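Engineer: How does the following fold in three dimensions:
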Amino acid sequence: MAPKAVPTGSERGTPEVRVPAPRTPLGWDITKLLGPAKWTYFYLYVILDVFSRYVVGWMVADREGKELARQFIADTCAKRTSLPANSPSTPITARR
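Structural biologist: Sure, this is the predicted structure:
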């Protein structure tokens, strides 16, 4: 049996993010932050507009959970109707 050919970086192409307009895709993330005492953590929930790189919403919580995330996303989407006028207009491009 012959070994499988693995594509090299140049054969795969450069990853690219195509975003046509603001608020088209929103990305979100949860980051674990160290707390003031040993073994304590805070969780930073963030929603980003991928096109403008604007932070649409954020929240810091003492735990990570499905219901917290669901409520955070719903609240942020309900509050946010538009982006600020001074948000950058250049789209994000991936680099290798």
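Engineer: State whether Ala69 is indeed within a strand.
Structural biologist: No - assigned with DSSP: H, G, I helix; E, B strand; the rest coil, Ala69 falls outside any strand and is helix.
Engineer: Send me stretch 51-61 as PDB with only the CA atoms.
Structural biologist: The C-alpha coordinates for stretch 51-61 follow below in PDB (Å, rounded to 0.1, in the frame of the first residue of the first chain):
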ATOM      1  CA  PHE A  51     -15.500  42.900   9.000                       C
ATOM      2  CA  SER A  52     -14.600  45.900  11.100                       C
ATOM      3  CA  ARG A  53     -12.900  44.100  14.000                       C
ATOM      4  CA  TYR A  54     -15.200  46.100  16.300                       C
ATOM      5  CA  VAL A  55     -16.100  44.500  19.700                       C
ATOM      6  CA  VAL A  56     -19.800  44.300  19.500                       C
ATOM      7  CA  GLY A  57     -20.300  43.100  23.100                       C
ATOM      8  CA  TRP A  58     -18.400  41.700  26.000                       C
ATOM      9  CA  MET A  59     -19.000  40.200  29.500                       C
ATOM     10  CA  VAL A  60     -16.900  38.900  32.300                       C
ATOM     11  CA  ALA A  61     -18.300  36.000  34.400                       C
END
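Engineer: buried stuff in it?
Structural biologist: Counting neighbours by 16 or more other C-beta atoms under 10 Å, one finds that the buried residues in stretch 51-61 are 51-52, 54, 56-57, 59. The way it works is simple: take the backbone N, C-alpha and C, and place the C-beta from them, glycine included.
Engineer: Helices along this protein, start to end?
Structural biologist: Taking DSSP state H, the helices of the chain run over residues 9-12, 66-79.
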